[in-house]
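# model the structure of this input:
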Amino acid sequence: KLWNMAPLAVLVLVAGIALASASSNPKHVIFFLIDDLGHSDASYMKQTYPNVTFGFLPPTPAVDELALNGVRLESYYVAQLCSPTRTSLLSGRYPYTIGMNAEVIVDGHPSCLPTNVKTVADHLQEAGWATSAYGKWDAGMTAWGCTPTCRGFEHFNGFYNAFNDYFTHRVGPGLDLRTDFEPDFANDNETGVYETELITSRVNAWIEDTVAKRPQDPTFAYVAHQANHAPMQAPMGYITGPCEDNIPESHPTRRVLCGMMRAVDASVKNITDTYKRLGIWNDTVVIFSTDNGGNPDTGGNNWPFRGMKATTFEGGVRGLGFVHWPGFSPAVRGAVSQEIVSVADWLPTIVHGIAGLPLNESDLNRVPGGPQPPPLDGLDQWPSITQGLPSPRTEVLINLIATACQSPNCKVPGQGAIRVGRYKLLHGHTSVWMTKLTESWKCAARSGKPDPHGTLPATAATSPPWCPNGWVPHPSSGLEPIVPPDAGCTGLPCNFTNSNYIEGGTFLFDVVDDPYERHNLAAEKPDVVAQLLARLQAFNATNIPQDNSPVDPASNPAKFGGVWTPWRGDPDPKKCSTNTTVPGGKIRSNFDGLMCPSATNCQLTGWLWDKGQPDGGVAPMHVHITLDGKTVVEDLIANVSRPGLVPKTGAPNSEHGFVVPLTAADVHVLRSGKHAIAAYALLETPKGFLKPLQNSPRCYCATKLCNC
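Predicted coordinates for the structure are as follows:
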């Protein structure tokens, strides 16, 4: 009875018979990203998994109606934590590919989605779409160029950090709520508007205004609700009624999460009703997604899947997601798709599949002439979703962190997870905490912890269940957490003795026949383990540094009038500075100058690094270049490999060079007369933001070096 959880029957769609009924693609996109949404935190899951014994699920009628009349994505993979998923969604790359896989960007972390990478909003805005973002950003705020209104979003209303108070909109000592670039002081008080409701009203106001002023333009609304992330807060009106009636009083955290989810459902209904009232609903596609699995310690639930947020079991990374469009044909409307989808797929699906825009590799760089960003990892899933065709994706990199573990007896360091076809490999540590916290290999009826943010009257006796590497049923089901069969102990509480969970190990699951990951096949199928491990190692061999810089004290909001504010680069937000280097460093550098391999091909090269930059000087700096005092390159990341730099200078790595191809017009100018070319480090100093590199400026007479 305990395992009455047979996998749902897969609805197989025959290729070619399920063509979309509308003559054109939708003109409007609403992307709902719900924070820490567990796989069974929406009530439509009872229809999706009819053979599973559920307890009471938060009632979500508006979400259910969209999901059950859309295409449910039941092999959809997100990252295990907030920032990696968000940066992947925005960029169309795996978090590992862009160096964003290590941790969550929290208050004062100088991390940022690489600024040479175009976001989904950049592509749409360039094509004339109206774009807006709401709620939680969590993709970096080190410099203004990291923030949404400098990343393709024409309008923003929300906060930059990983979470804030839902009523005061504060994070620690500072306000974190903005409208575009400006702080929203009107809502900086103890009785402010509940954040989910505030965001809803702002989305509605924007779409009403946009349709009135730009009736022919397509629109993109990125609605990233903070719910259901801690702190666990909801108005009592959402908690009373079904949540209190059906969830035991001994589980107050789950009651509050239920209320938070009801508020999200009300938001979805309110916003979609507005689109209907404006007459644009039939041209609107809704994409609904979690950012990672639910966290049972804050009331979330992933039953019947194993694991939770921050783990690489399915409960941490198999995301709740669906797509709804009134233009779907009857053949796909209501379908449950088991085709593999990655969160990285949304950029090409929206930009190419829905908007019909080209995605040329040469057009993916936000900094013309700068280092080319990595190729897209995402694939266009629109034909698969609308026509029932097979997914173009056969594998997905779920996680890759090469960090050594903290245990003195570490057996397999780091953490990796990949799915190829029907098989999924977990190698290393199953929990993002690795071996830092003993709780990662503990199962208990109660976590033993009160609410970490102090917003609930929860105590150790009323704390939520805890079993990150096992299975956690719903509190209302009367069942207790289930210990993995290979844990080395039975019953609760359980402290695992199996070294695979403590020192690192290898797990292999057939997630088609065994989606709940009950049977580790690693010992039975060493050939499959070897094949998937080779794919994981192929990614690992690229040695892409993962950004995990410590908190910068210079970010303290007390320095900015009590408001969380980008603290590096040019302080004028409208300049969208992407300079994230540490101010006032002692740099080593050289401006090589001009090289012209041919009559029409000239480029500028040089290098710069500073051991005071993050990670002991590994982080690249930024360069600014002028020709006769006129800007040639405003802000360029100097991260081109420079052979010989390490032994010559003692730099920790070689990726500190720059190569700037000049335009044909600039080359033509240089062919006659005398000209001065200067290269500067973009570095905040008492004299300003530009510091000349060694041997800068250099002067040229008809492209030949001459005295200045």
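# run through the protein and note the low-pLDDT ranges.
Counting by pLDDT under 70, the chain contains low-confidence ranges at 1-23, 362, 367-371, 403-409, 432-438, 452-454, 583-585, 684-689.
# grab the longest helix from it for me.
When the chain is parsed with DSSP state H, its longest helix is helix 252-277.
# can you list contacts of stretch 517-531?
If you take CB atoms under 8 Å, 6 or more residues apart in numbering as the criterion, stretch 517-531 is touched by 3, 305-307, 313-314, 420, 423-425, 485-486, 506-511. Placement of C-beta: from N, CA and C, glycine included.
# what comes up buried for it?
Within stretch 517-531, the residues scored as buried using 16 or more other CB atoms under 10 Å are 517, 520, 521, 522, 528, 529.
# will you turn these into a markdown table that also has secondary structure?
Below are the buried residues of stretch 517-531 laid out as a markdown table (DSSP: H, G, I helix; E, B strand; the rest coil):
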| residue | secondary structure |
| --- | --- |
| 517 | coil |
| 520 | coil |
| 521 | coil |
| 522 | coil |
| 528 | helix |
| 529 | helix |
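# if we can go back for a sec, need the CA coordinates for whatever helix or strand comes next after the longest helix of the chain. CSV is fine.
Scanning forward in sequence from helix 252-277 by DSSP states H and E, the next helix or strand is strand 284-290. Taking Å, rounded to 0.1, in the frame of the first residue of the first chain, the C-alpha atoms of strand 284-290 are listed here in CSV:
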residue,chain,number,x,y,z
THR,A,284,-1.7,34.2,-25.7
VAL,A,285,0.4,31.2,-24.7
VAL,A,286,1.0,30.5,-21.0
ILE,A,287,4.1,28.7,-19.9
PHE,A,288,4.0,27.6,-16.3
SER,A,289,7.1,26.3,-14.5
THR,A,290,8.8,25.7,-11.1
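# neighbours around the nearest residue to residue 488 once chain neighbours are set aside, how many?
Nearest non-adjacent residue to residue 488, counting by CB to CB, 6 or more residues apart in numbering: residue 497, 3.4 Å away. The local packing of residue 497 (other CB atoms under 10 Å) involves 11 other residues.
# give the helix, strand or coil label for residue 497.
Per three-state DSSP, residue 497 ends up coil.
# hmm, back to that, flag every buried residue along the longest helix of the chain.
Neighbour count says helix 252-277 has 252-269, 271-272, 274-275 buried, by 16+ other CB under 10 Å.
# how about the spatially closest residue to residue 254 that is not a sequence neighbour, what does it touch?
Spatially, and ignoring its direct neighbours in sequence, residue 254 is nearest to residue 299 (4.4 Å; CB to CB, 6+ apart). Neighbouring residues of residue 299 by CB under 8 Å, 6+ apart: 228, 232, 251, 253, 254, 255, 256, 257, 258, 464.
# would you mind listing the two of those that lie farthest apart?
Using CB to CB, the contacts of residue 299 span at most 14.6 Å, a distance reached by 228 and 251.
# between those two, point out the one with more neighbours.
In this view residue 228 and residue 251 are compared by other CB under 10 Å, and residue 228 has more residues nearby, 29 against 21.
# doesn't residue 294 make contact with that one?
Yes. Between residue 228 and residue 294 there is a contact at 7.3 Å, judged by CB atoms under 8 Å.
# common neighbours of those two, please.
Here residue 228 and residue 294 have 36, 37, 38, 41, 300 as joint contacts, going by CB under 8 Å, 6+ apart.
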